[in-house]
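Fold the following.
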Amino acid sequence: MTTNVGSIETVDVDQGFAFSQSLQITPAWYQDGDVIKCEVTNTEIPNSNPVITSINLDLLFAPISVPEINGYTSGTPVREGDFLNISCQVTGGKPLVSNIKLVCDGADSTSIQIKEQDTVISYTWFRVLRILHDKVCGCSAVHVTNKYKLASVVTLFVNYAPSVTLRTEFRRQTRSVRLICEARGRPAVFHFSRFTHSWRGRRIRELTGELEPPHKYVLTIQPYRYSDSGSYQCAVSNDIIGLNTVTQQLGSISVNMEGDLLPAVNEHLIPIVAGVAGALILLMVVVVAFVVYNLRKTRIAKEEDTYMHLNNTERPANSDGGECEHSYETINNITVQENRGEGDGQAVEDMNSHNQSPNPYQNIQIPVSVLQIRIMTANLATFINRCRQHVKYIH
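Alright, predicted model coming up:
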């Protein structure tokens with residue numbers, strides 16, 4: 001305690017003199033509750049009793065001890081998947097600290113706080129994950145004096161099962177492929193099993209690879225063949241049980257190798273070859289479309305000429321049935337042309353065969369195109385209508 005005793009002051013009053021003295025102190029936390037006394041004695045009066053007054057010190061002070069973390073010590077391995085329960089307590093202070101903050105970076109934690117006599121305790125618990133490795137749990141507290149600046153920290157050390165990746169590296173020039181099985185975990189002491197080759201769920205064989213630093217197991221196939229296609233799997237362990245409750249962790253990949261089907265090709269030529277092939281295909285499509293278009297155009301023109309010929313045919317009119325007979329003969333004399341498609345020209349068939357058969361419609365030939373069928377149907381209908389009119393006229 002630091003004290004500062006002032007000088008004695010004397011004041012003249014009506015009934016005598018008054019004496020006073022001041023005392024300034026800077027108390028420490030441990031002086032809380034101490035008694036300060038003031039004693040006055042009049043030495044001018046023999047055998048006089050002294051006059052005594054006192055006060056008790058009632059201090060506000062922050063705790064002097066650092067927060068204490070229990071339940072975990074920095075560097076102690078903890079397995080991924082386990083639940084960690086830690087606490088932090090702060091003792092002392094007047095009054096006690098109002099709030100304790102116990103926070104672990106990245107942890108999804110739950111906390112409660114209680115008071116026990118002169119101590120405040122905060123409990124927190126959470127599930128340990130690999131992302132919490134090397135993360136810090138810190139504890140601090142808040143006091144009414146705003147003078148409590150002490151804190152404590154611990155660093156988490158997490159062991160976890162390996163995560164496995166399996167990838168391929170193709171080298172077309174040498175017709176080789178590397179299957180690389182890589183592991184990451186803690187502790188970084190890994191046990192690799194042989195590669196397993198399967199095809200459509202059926203296990204075919206096991207293959208031995210080679211260890212490469214830092215934590216790789218590599219299988220090289222040279223030259224690769226189509227029969228090497230399928231699913232490949234590698235298993236890795238570091239004696240830590242994973243979140244999947246097993247020790248061996250797996251990595252797998254599906255590989256399609258075409259060593260027996262395709263020769264080694266310079267990868268830089270692939271875009272050029274693809275472009276040339278596309279251009280040739282486009283040219284063939286254009287040529288075929290042009291040929292088909294011209295064939296159809298020629299055929300339609302011939303069919304239109306036939307139709308115009310039929311419409312322009314003169315039919316002599318007479319009242320004694322000559323028009324009907326002439327129309328009938330015109331229909332039977334229609335020349336139908338068929339495209340044989342063999343380059344030997346067009347065969348012409350004469351349909352005028354009504355004199356050789358008692359049935360005038362027996363030898364009529366069916367046209368080869370829809371347009372010709374429509375022409376024949378129209379002219380036949382015209383012929384029938386005219387014959388009906390002729391018969392009606394006679395009657």
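
any low-confidence regions in the protein?
1-17, 259-274, 276-277, 286, 290-291, 293, 297, 302-395 (pLDDT under 70).

how does it divide into domains?
Each domain of the chain is listed here as a residue range: 2-56, 68-155, 161-255, 293-394, per automatic domain parsing.

what helices or strands is the longest strand along the chain leaning on?
Using DSSP state E, we find that the single longest strand of the chain is strand 157-171. Counting contacts by 3 or more Cβ pairs under 8 Å, 6 or more residues apart in numbering; DSSP states H and E, strand 157-171 packs against strand 77-79, strand 176-186, strand 230-237, strand 249-255. No exception for glycine: its C-beta is placed from N, CA and C like everyone else's.

Sort out which residues of the shortest one are buried, please.
For strand 77-79, burial by neighbour count (16 or more other Cβ atoms under 10 Å) applies to Val78.

And for stretch 52-72?
Taking 16+ other Cβ under 10 Å as the basis for neighbour counts, the residues of stretch 52-72 that come out buried are 61-63, 67, 69, 72.

swap in stretch 139-155?
Going by neighbour count (16+ other Cβ under 10 Å), the buried part of stretch 139-155 is 139-141, 143, 148, 154.

before we move on, what about stretch 200-211?
Going by neighbour count (16+ other Cβ under 10 Å), the buried part of stretch 200-211 is 207, 209.

Quick one: the strands in the stretch 101-250 of the chain, in order.
Assigned by DSSP state E, counting those that start in this stretch, the stretch 101-250 of the chain shows strands spanning 110-116, 119-127, 136-142, 151-155, 157-171, 176-186, 191-192, 195-199, 202-207, 210-212, 216-221, 230-237, 249-255.

Can you lay out these as a markdown table showing distance to Asn49?
What follows is the strands of the stretch 101-250 of the chain, written out as a markdown table (distance: least, Cβ to Cβ, whole Å):
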| stretch | distance to Asn49 |
| --- | --- |
| strand 110-116 | 48 |
| strand 119-127 | 47 |
| strand 136-142 | 50 |
| strand 151-155 | 55 |
| strand 157-171 | 72 |
| strand 176-186 | 81 |
| strand 191-192 | 93 |
| strand 195-199 | 105 |
| strand 202-207 | 107 |
| strand 210-212 | 98 |
| strand 216-221 | 97 |
| strand 230-237 | 91 |
| strand 249-255 | 91 |
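
To Cys88, which of those lies closest?
Judged by Cβ to Cβ, the one of these that comes nearest to Cys88 is strand 136-142, at 3.6 Å.

what's in contact with that closest one?
Residues from elsewhere that reach strand 136-142 (Cβ atoms under 8 Å, 6 or more residues apart in numbering): 63, 67, 69, 72, 86, 88, 90, 97-105, 107, 120, 122, 148, 150-156.

if we can go back for a sec, any idea of the angle the longest strand of the chain forms with strand 195-199?
Strand 157-171 and strand 195-199 are oriented at 60 degrees to each other (axes from the mean of the first three to the mean of the last three Cα atoms, to 10 degrees).
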